[in-house]
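Student: When you get a sec, could you give me coordinates for this:
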Amino acid sequence: MDLIMALNAGNPQTRLQAAMAAGTRPDPALLDALVTRCAVEPDFFVRDMLTWALTRLPAELTVPRLRAELGSAHAQARSQALHTLSKIGDRSVWPAITAALLHDADDEVARASWRTAAALVPDEHRQGLATELTAELGRGDRGVQRSLSRAMIMLGDVTEPALQPALTSDDPAVRAHARATLQLLHDPDAGFDLAVDEAIRIVALGPQRAGETVC
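Tutor: Next up is the predicted model:
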């Protein structure tokens, strides 16, 4: 079976094998087919293999093609392009990670943009990124919040000052998420769920009643 046809086969195992073959024998002629498939592939494992296949191609070809996908109207195209760019690690991509992506209405796009931005941000922009990301505190379910906290922790020492205003937010969800992120910043080995539960308890009872002083 032709490899491009196999990438679009109905059987996910066939698509997985095709993506593996594309990565094992990198061929720039497959670039468009791989990127196009990333935008619509429903199977997580196949998407992961497609990303691996793209990382095996020359970055000077893949990076511009993936950057173009960041403006796609399709959320999965944007999220997969961001994910793949984070794996390639080309810091020239940083200017393409816009505020619109960081605050994308689609959770998967936002999560991918947070991870990618934190991985590629130049040192002189870390503080600005940390401040930008605090606008997303309290967003979504635990998985979304965990992704944001991990991205902020990646930014290191600029994170704590950026979190301070959120600790006194009028929104209890924002306060709890900020406090949990701060706890993880000081103790990265702590579990996120435990940190969130403790932060919610402190927000609900107040720091004095919870036996803790405000950070």
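Student: Residue ranges in this structure under the pLDDT threshold?
Tutor: 1, 189-215 (pLDDT under 70).
Student: Need the nearest residue in space to residue 152, chain neighbours excluded.
Tutor: Excluding its sequence neighbours, the residue lying closest to residue 152 (CB to CB, 6 or more residues apart in numbering) is residue 159, at 4.9 Å. C-beta: built from backbone N, CA, C; applies to glycine.
Student: for stretch 104-121, which positions count as buried?
Tutor: By 16 or more other CB atoms under 10 Å, the buried positions in stretch 104-121 come out as 104, 107-121.
Student: what's the offset of it from the middle of its chain?
Tutor: 4 Å (CA atoms, centre = their mean, to the nearest Å).
Student: same thing with stretch 24-44?
Tutor: 20 Å.
Student: Which helix or which strand is home to the closest residue to residue 35 other than its chain neighbours?
Tutor: Nearest residue to residue 35, sequence neighbours excluded (CB to CB, 6+ apart): residue 65, at 5.6 Å. Using DSSP states H and E, residue 65 sits within helix 59-69.
Student: helices or strands next to the next helix or strand after that helix in the packing?
Tutor: Next in sequence after helix 59-69, counting helices and strands by DSSP H and E, comes helix 75-88. Under the contact criterion of 3 or more CB pairs under 8 Å, 6 or more residues apart in numbering; DSSP states H and E, helix 75-88 touches helix 31-38, helix 44-55, helix 59-69, helix 107-120.
Student: ok, residues contacting the helix or strand just after the longest one?
Tutor: Next along the chain after helix 107-120, taking DSSP H and E as the criterion, comes helix 126-133. Contacts with helix 126-133, where a contact means CB atoms under 8 Å, 6 or more residues apart in numbering, come from 99, 102, 114, 117-118, 121, 148, 151-152, 155-156, 158-159, 161-162.
Student: Go again with 6 Å.
Tutor: Residues outside helix 126-133 that contact it (CB atoms under 6 Å, 6 or more residues apart in numbering): 102, 117, 121, 152, 155, 158-159, 162.
Student: Please put the alpha-carbon coordinates of it into CSV.
Tutor: Extracted in CSV, the C-alpha atoms of helix 126-133 (Å, rounded to 0.1, in the frame of the first residue of the first chain):
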residue,chain,number,x,y,z
ARG,A,126,10.2,34.7,31.0
GLN,A,127,8.8,37.3,33.4
GLY,A,128,6.4,38.6,30.8
LEU,A,129,5.2,35.0,29.9
ALA,A,130,4.7,34.2,33.6
THR,A,131,2.5,37.2,34.0
GLU,A,132,0.6,36.4,30.8
LEU,A,133,-0.1,32.9,32.0
